[in-house]
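In: 3D, please:
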Amino acid sequence: MDLGADAQAGTPLAGVPAGASPDPAALLQLSARGDRAAFAALYDATAARVHGLVLRVVRDRAQAEEVTQEAFLEIWRTASRYDPERGSALAWLMTIAHRKAVDRVRSAEASSRRDVTYHQQNQTIDHDTTADTAHASLEARRVRVALEQLTAVQREAIELAYFGGYTHTEVAALLDLPVGTAKTRIRDGLIRLRDTIGVGR
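Out: Numbers count the residues shown, from 1 in each chain. Predicted structure coming up:
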């Protein structure tokens, strides 16, 4: 990603003391004001984690590299939308990357479906399969609604652990939390999800 000569020349970041290691939230705020050096620093600090998450989802290195670049392009364009009160900067980055990765997988699956033979596209689907598909769709909708009822900290922990595929230890590292705190957020979020989904049954 070409960030310009200023970013590559190591220009000091405005508003960040010399020698300091700015956190992702500070770098995002500077990036939102068009600071290319800050965005380069953000990329250097988080690209490995973002790429790791994307690779887990798309399972193809070449595509993972493309999706990682797409994610950072969106991060650059939408940095001003980051709200620190709704979660950590790293979780915000990971959410964007995960969405891009899922979009790529869905696009590939749609393309694959278009390539199947006429017979496969028009074969009779038995009643049970149709019922199962409808049931799965209802369950997915119920889970999405339930996720919206969680607190921001519970939701970001759940999303990293179950959508991002991270272990409790990795979630703790990503959110700069003690492992015990990360486990508590995930556990409390799962209990609340269970209770919310149970109410709808």
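In: okay, domains of this protein per the record?
Out: For the chain, automatic domain parsing gives the domain ranges 1-116, 126-201.
In: going along the chain, name the helices of this protein.
Out: Secondary structure of the chain, counting by DSSP state H: helices at 5-8, 24-32, 36-58, 61-78, 89-114, 118-122, 127-148, 152-158, 168-174, 179-199.
In: adding mean neighbour count and mean pLDDT, write the ones you listed out as TSV.
Out: From N, CA and C alone the C-beta is placed, and that goes for glycine too. Supplementary listing: the helices of the chain in TSV, determined by neighbours: other CB atoms under 10 Å; pLDDT from 0 to 100:
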stretch	mean neighbour count	mean pLDDT
helix 5-8	13	40
helix 24-32	21	95
helix 36-58	20	95
helix 61-78	17	96
helix 89-114	17	90
helix 118-122	8	59
helix 127-148	11	62
helix 152-158	22	82
helix 168-174	19	82
helix 179-199	16	81
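In: quick one: Ala101 from Ser31, how far?
Out: Here the criterion is CB to CB, to the nearest Å. By it, Ala101 lies 21 Å from Ser31.
In: what do you get for Val67?
Out: Val67 is 20 Å from Ser31, by CB to CB.
In: now swap in Ala110 and tell me
Out: If you measure Ala110 against Ser31 using CB to CB, the figure is 33 Å.
In: next up, the contacts around Val57.
Out: Taking CB atoms under 8 Å, 6 or more residues apart in numbering, we find Val57 in contact with 98, 101-102, 104-105, 165.
In: Leu90 too?
Out: 24, 46, 49, 174-176.
In: and Val58, by the same measure?
Out: 64, 67, 101, 104-105.
In: closest to the centroid, which residue in the protein?
Out: For the chain, the residue nearest the mean C-alpha position is Thr95 (2.2 Å; CA atoms, centre = their mean).
In: how about it, nearest residue that isn't a chain neighbour?
Out: Setting aside the residues directly before and after it, Thr95 is nearest to Glu159 in space (CB to CB, 6 or more residues apart in numbering), at 6.5 Å.
In: and if you look at Lys183?
Out: His168 (5.1 Å).
In: in contact with the one you found, which residues?
Out: Listed by CB under 8 Å, 6+ apart, the contact partners of His168 are 161, 179, 182-183, 186.
In: may I see those organised as a markdown table, with distance to Leu147 added?
Out: Compiled in a markdown table, these are given as follows (distance: CB to CB, whole Å):
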| residue | distance to Leu147 |
| --- | --- |
| Ala161 | 13 |
| Val179 | 23 |
| Ala182 | 17 |
| Lys183 | 19 |
| Ile186 | 13 |
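In: hmm, Arg185 is touching Val153, no?
Out: Yes - contact criterion CB atoms under 8 Å: Arg185 and Val153 qualify, at 5.7 Å.
In: I'd like the distance between Leu174 and Thr181.
Out: For Leu174, the distance to Thr181 equals 13 Å [CB to CB].
In: also Leu30?
Out: Distance, Leu30 to Thr181, by CB to CB: 28 Å.
In: same check, this time on Gly34
Out: 35 Å.
In: now Gln154. Nearest residue, chain neighbours left out?
Out: What sits nearest to Gln154 in space, not counting adjacent residues and going by CB to CB, 6+ apart, is Gly189, at 3.5 Å.
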